[in-house]
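[1] missing the sequence, but the structure's below:
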């Protein structure tokens, strides 16, 4: 299924922007999005005023083109990527259930990674702490070309763009976290305290996944790896983005 990723600066109306409903746009299967924040190792999100992001699934290419030409004009002047799903875990409306789940990429290539979640509010503070650590680890990778968080309460997601799928797997799954602390243990080395949760500072993404099964951060979530087929448009200012995102040195 065609997946599109969009980023746009829409100014003061950004706090009120909401993704379109499938029933209101012909050919739209599902859209999610919200205001964006830069990837940061800070627990508090670095909100980008006036900027929004959207991830959408479409029945056909012509449905996407029609949307951008009419009611989706906010994104017509922004940045858009048309993508092919390569891998997915979890469940989310519009995400195919028969996609591969293997972590290792079939080939090394540029990828866009999208995560989407429905937050478990009782676990939001531990989530923010682990997320900050995971971001800190990703930001140290030379392969990370661009990234943001998008927030559409209670929906939460991330978009990251990687020059190398292999390097992405290494940075996200195989690298010790703790803001670059090489002594931070991986989740298999964590000795959980009595209440069963790993401490902040003990592994970022890997540490979070080690405790998510017993104390979920999300009520629903998905991870989707995408192959970018076509990218166009430009975002300027802080955290800029253009169609050469994977080529810029």
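    That came through fine. Quick caveat, the model's predicted, so the values are computed rather than measured.
[2] what helices or strands is the top strand by length along the chain leaning on?
    For the chain, the strand that runs over the most residues, judged by DSSP state E, is strand 218-232. With contacts taken as 3 or more CB pairs under 8 Å, 6 or more residues apart in numbering; DSSP states H and E, strand 218-232 sits against strand 2-9, strand 79-90, strand 111-119. Where you see a C-beta, it was placed from the backbone N, CA and C, and this is true even at glycine.
[3] list the helices and strands the helix or strand just after the first one packs on?
    Using DSSP states H and E, the next helix or strand after strand 2-9 towards the C-terminus is strand 28-38. Counting contacts by 3+ CB pairs under 8 Å, 6+ apart, the secondary-structure elements packed against strand 28-38 are strand 46-58, strand 144-152, strand 155-162.
[4] Tally up the residues packed near the nearest residue to residue 20 once chain neighbours are set aside, please.
    For residue 20, ignoring the flanking residues on the chain, the nearest one in space by CB to CB, 6 or more residues apart in numbering is residue 31 at 5.3 Å. Residues near residue 31, counting by other CB atoms under 10 Å, number 23.
[5] okay but residue 31 is in contact with residue 55, surely?
    Yes - counting by CB atoms under 8 Å, residue 31 does reach residue 55; the two are 7.2 Å apart.
[6] Contact partners for the most centrally placed residue in the chain?
    Centrality entry for the chain: nearest residue to the mean C-alpha point is residue 158, 2.2 Å, by CA atoms, centre = their mean. In this structure, residue 158 makes contact with 39, 113-115, 147-150, judged by CB atoms under 8 Å, 6 or more residues apart in numbering.
[7] still on that earlier bit, who does the residue nearest to residue 20 form a beta bridge with?
    Residues in a beta bridge with residue 31, per DSSP bridges, are residue 56.
[8] confidence score at it?
    Note on residue 31: pLDDT of 95.
[9] ok, it - contacts?
    Counting by CB under 8 Å, 6+ apart, residue 31 has contacts 19-22, 25, 54-57.
[10] switch to 6 Å and redo it
    19-20, 54, 56 (CB atoms under 6 Å, 6 or more residues apart in numbering).
[11] Let me know the closest of those residues to residue 10.
    residue 54 (10.9 Å; CB to CB).
[12] what about that closest one, distance to residue 43?
    25 Å (CB to CB, to the nearest Å).
[13] before we move on, what about residue 78?
    28 Å.
[14] if you count what's nearby, which of those two comes out ahead?
    Ranked by neighbour count (other CB under 10 Å), residue 78 and residue 43 place residue 78 first, with 23 against 13.
[15] List the buried residues of stretch 144-160.
    Across stretch 144-160, burial judged by 16 or more other CB atoms under 10 Å covers 144-152, 155-160.
[16] How about stretch 238-248?
    Result for stretch 238-248 [16+ other CB under 10 Å]: buried residues 239, 241, 245-246.
[17] and the angle from the longest helix along the chain to strand 28-38?
    Assignment by DSSP state H gives helix 124-139 as the longest helix of the chain. Helix 124-139 runs at 80 degrees relative to strand 28-38, counting by axes from the mean of the first three to the mean of the last three CA atoms, to 10 degrees.
[18] average pLDDT across helix 124-139?
    Rounded mean pLDDT across helix 124-139 is 75.
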